[in-house]
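In: Sequence first, predicted model second:
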Amino acid sequence: MNQSIDVRGLSCPLPVVAVRNKLLEIKKGILEVLVDTGTSKDNITRMAVNIGWRVEEREEGEEYLLTISK
């Protein structure tokens, strides 16, 4: 089952912390993350890859959808 988290509007480092906590909770599967800044996108991607997850990015207008999977 895919899970999702919306971290739009949160200031750093809250988006990274929220996504990291969710990844540690689900351990494996797919997490879709909505973000609204390039900085959050880059930081979340870096963190997820560092802890062993794969990340696909899709730009949706001014926002990004990250699909994080393991």
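Out: Sure thing, it's come through.

In: Could you use CA atoms for every contact and neighbour count after this?
Out: Fine.

In: Okay, and the residue nearest to the spatial centre of the chain sits in which element?
Out: The residue lying closest to the centre of the chain (C-alpha atoms, centre = their mean) is Val33, at 4.4 Å. Using DSSP states H and E, the element containing Val33 is strand 30-35.

In: Going by neighbour count, list what's buried in the helix or strand following that strand.
Out: Counting by DSSP H and E, the next helix or strand C-terminal to strand 30-35 is helix 38-50. The neighbour-count check on helix 38-50 (16 or more other C-alpha atoms under 10 Å) flags Ser40, Lys41, Ile44, Thr45, Ala48 as buried.

In: What of stretch 15-23?
Out: Residues Pro15, Val16, Val19, Leu23 are the ones in stretch 15-23 that count as buried (16+ other C-alpha under 10 Å).

In: circling back to that earlier point, what's next to the strand holding Val33, contact-wise?
Out: For strand 30-35, the external contacting residues (C-alpha atoms under 8 Å, 6 or more residues apart in numbering) are 1-9, 19, 23, 41, 63-70.

In: hang on, the earlier thing: just the ones in helices from the buried residues of stretch 15-23, please.
Out: Those of the buried residues of stretch 15-23 mapping onto helices are Pro15, Val16, Val19, Leu23, per DSSP state H.
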